[in-house]
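In: All I have is the shape, not the residue letters:
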């Protein structure tokens, strides 16, 4: 769930930098405002097509939305996600 929260914080920061409301972003991305809210609150993680819609609607590279989310491959055990300690500066 930490990955979803980090994605949500990244999305919120990018949306605010773009000067868009959740509803504005939803319209531009073809998503409902509540879907944007669920993503920003870390209640959902996006599918790849949603990631592309959001990044295109925000006019940013998809990497901006997954910044700080890193996959560490496993050797003798399964891999895992890690998160950088820093959150976006405008994280609310």
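Out: Sure, I can see it. This one's a predicted model, so the numbers in the text were calculated from it and none came from an experiment.

In: Check which helices and strands the helix ranked longest in the chain is in contact with.
Out: Ranked by residue count and defined by DSSP state H, the top helix of the chain is helix 2-17. Judged by 3 or more Cβ pairs under 8 Å, 6 or more residues apart in numbering; DSSP states H and E, helix 2-17 is in contact with helix 33-40, helix 48-58, helix 62-65, strand 69-72, strand 80-83. No exception for glycine: its C-beta is placed from N, CA and C like everyone else's.

In: out of the ones you listed, deepest packed?
Out: helix 33-40 (a mean of 18; mean count of other Cβ atoms under 10 Å).

In: And the contacts of stretch 4-22?
Out: Here stretch 4-22 makes contact (Cβ atoms under 8 Å, 6 or more residues apart in numbering) with 25, 28, 33, 36-37, 39-46, 54, 58-60, 64-69, 83, 87-92.

In: rewinding a little: including distance to residue 17 and mean pLDDT, could the helices and strands packed on helix 2-17 go into JSON lines?
Out: Output for the helices and strands packed on helix 2-17, formatted as JSON lines (distance: least, Cβ to Cβ, whole Å; pLDDT from 0 to 100):
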{"stretch": "helix 33-40", "distance to residue 17": "14", "mean pLDDT": "98"}
{"stretch": "helix 48-58", "distance to residue 17": "8", "mean pLDDT": "98"}
{"stretch": "helix 62-65", "distance to residue 17": "10", "mean pLDDT": "98"}
{"stretch": "strand 69-72", "distance to residue 17": "19", "mean pLDDT": "92"}
{"stretch": "strand 80-83", "distance to residue 17": "20", "mean pLDDT": "86"}
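
In: can you redo the ones you listed as JSON lines with distance to residue 3?
Out: Shown next, in JSON lines, are those (distance: least, Cβ to Cβ, whole Å):
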{"stretch": "helix 33-40", "distance to residue 3": "12"}
{"stretch": "helix 48-58", "distance to residue 3": "12"}
{"stretch": "helix 62-65", "distance to residue 3": "12"}
{"stretch": "strand 69-72", "distance to residue 3": "6"}
{"stretch": "strand 80-83", "distance to residue 3": "5"}
